[in-house]
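Peer 1: no FASTA, just this:
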């Protein structure tokens, strides 16, 4: 269970905010290419970009940071839960119970055919009930974003999608076990726990960046010319211009820093569906 300190009062802000662009890749080289963390010192607004780490190395870094940093909020861009019906089908009464189940069974779900996970094998398309009108493949918080981004060229993929373009399910299955271990080490996980430092929360970079053709370098460069990014240091700016993983991390952490005081007002979820499904942080 989390054992952290209460978050600062509403007039205060965390010392550090971090946004991590995650990866579910299996190969170490692919993980090192894709995983990127942006660290912002809230008092100064200075951003540092860290890349080249494995998932296990990111976890060890966070474990150490949780012991040394008195006030830190970390945003991770993978799903912290699944739709409530899926938890119930597994006999999981809480999201932390789900993370334990995923730690035990997740890799098997990735290897062998599964009735709810799709996209990895030929002919494995979206199950009919996972899309409209039933939307069983999405949590309530994800359906809210789908409605908000209607007509956008990029919308959230289902966390049950573990292969094909835009798949996010592999990163989720390989991220949830880390949530369980960090929580055991004293981290709070919003909205399942009372918010306390150190704190983990789920982010969706597309919501934080807004509309941008982020796979296009010229578009990234043009986006970063906005006045709100004029304080971005040259190294962080160059990293964000060079690749979309760093771009997502940098923009996300700057939005988190701009709204850092709001973290003290977060509330633990006590009702359904958020109690089981979680929530995506938005400013």
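Peer 2: On my side now, so go ahead. Values in this document were obtained by computation on a predicted structure and should not be read as measured data.
Peer 1: give me the spatial nearest neighbour of residue 32, chain neighbours excluded.
Peer 2: residue 52 (4.9 Å; C-beta to C-beta, 6 or more residues apart in numbering). All C-beta spots, glycine's among them, are computed from the backbone N, C-alpha and C.
Peer 1: burial measure for that neighbour, as a count.
Peer 2: Residue 52 has 10 neighbouring residues, counting by other C-beta atoms under 10 Å.
Peer 1: per-residue pLDDT, it?
Peer 2: Looking at residue 52, its pLDDT stands at 98.
Peer 1: same check on residue 124?
Peer 2: Model confidence at residue 124 (pLDDT) stands at 66.
Peer 1: so what touches the top helix by length along the chain?
Peer 2: Taking DSSP state H as the criterion, the chain has its longest helix at helix 95-111. Residues outside helix 95-111 that contact it (C-beta atoms under 8 Å, 6 or more residues apart in numbering): 80-82, 87, 90, 92, 117, 120, 162, 170, 173-174, 176-177, 179-180, 183, 189, 192, 276-278.
Peer 1: make a PyMOL selection of whichever of these turn out to be buried.
Peer 2: Selection of buried members from the contacts of helix 95-111 for PyMOL, criterion 16 or more other C-beta atoms under 10 Å:
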select buried, resi 80+81+82+87+92+117+120+162+170+173+174+176+177+179+180+183+189+192+276+277+278
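Peer 1: for the most centrally placed residue in the chain, give me its contacts.
Peer 2: The residue lying closest to the centre of the chain (C-alpha atoms, centre = their mean) is residue 77, at 2.0 Å. Residue 77 makes contacts with 19, 20, 21, 22, 171, 202, 203, 204, 205, 248, 252, as judged by C-beta under 8 Å, 6+ apart.
Peer 1: what about the residues you listed, which are in strands?
Peer 2: Counting by DSSP state E, the part of the contacts of residue 77 found in strands is 19, 20, 21, 202.
Peer 1: burial of the last one, as a residue count?
Peer 2: Okay, so that is residue 202. That count, for residue 202 with other C-beta under 10 Å as the rule, works out to 22.
Peer 1: hmm, back to that, I'd like the next helix or strand past the longest helix of the chain.
Peer 2: helix 140-148 (DSSP states H and E).
Peer 1: elements contacting that next one?
Peer 2: Packed against helix 140-148 by the contact rule (3 or more C-beta pairs under 8 Å, 6 or more residues apart in numbering; DSSP states H and E) you find helix 274-277.
Peer 1: so what touches the helix it packs on?
Peer 2: Here helix 274-277 has contacts from 81-84, 87, 94-95, 139-141, 191-192, 269, using C-beta under 8 Å, 6+ apart.
Peer 1: what would those look like in JSON lines with distance to residue 112 and pLDDT?
Peer 2: Formatted as JSON lines, the contacts of helix 274-277 follow (distance: C-beta to C-beta, whole Å; pLDDT from 0 to 100):
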{"residue": "81", "distance to residue 112": "22", "pLDDT": "98"}
{"residue": "82", "distance to residue 112": "18", "pLDDT": "98"}
{"residue": "83", "distance to residue 112": "21", "pLDDT": "97"}
{"residue": "84", "distance to residue 112": "24", "pLDDT": "97"}
{"residue": "87", "distance to residue 112": "21", "pLDDT": "98"}
{"residue": "94", "distance to residue 112": "26", "pLDDT": "98"}
{"residue": "95", "distance to residue 112": "24", "pLDDT": "98"}
{"residue": "139", "distance to residue 112": "24", "pLDDT": "96"}
{"residue": "140", "distance to residue 112": "29", "pLDDT": "95"}
{"residue": "141", "distance to residue 112": "29", "pLDDT": "94"}
{"residue": "191", "distance to residue 112": "32", "pLDDT": "98"}
{"residue": "192", "distance to residue 112": "29", "pLDDT": "98"}
{"residue": "269", "distance to residue 112": "33", "pLDDT": "96"}
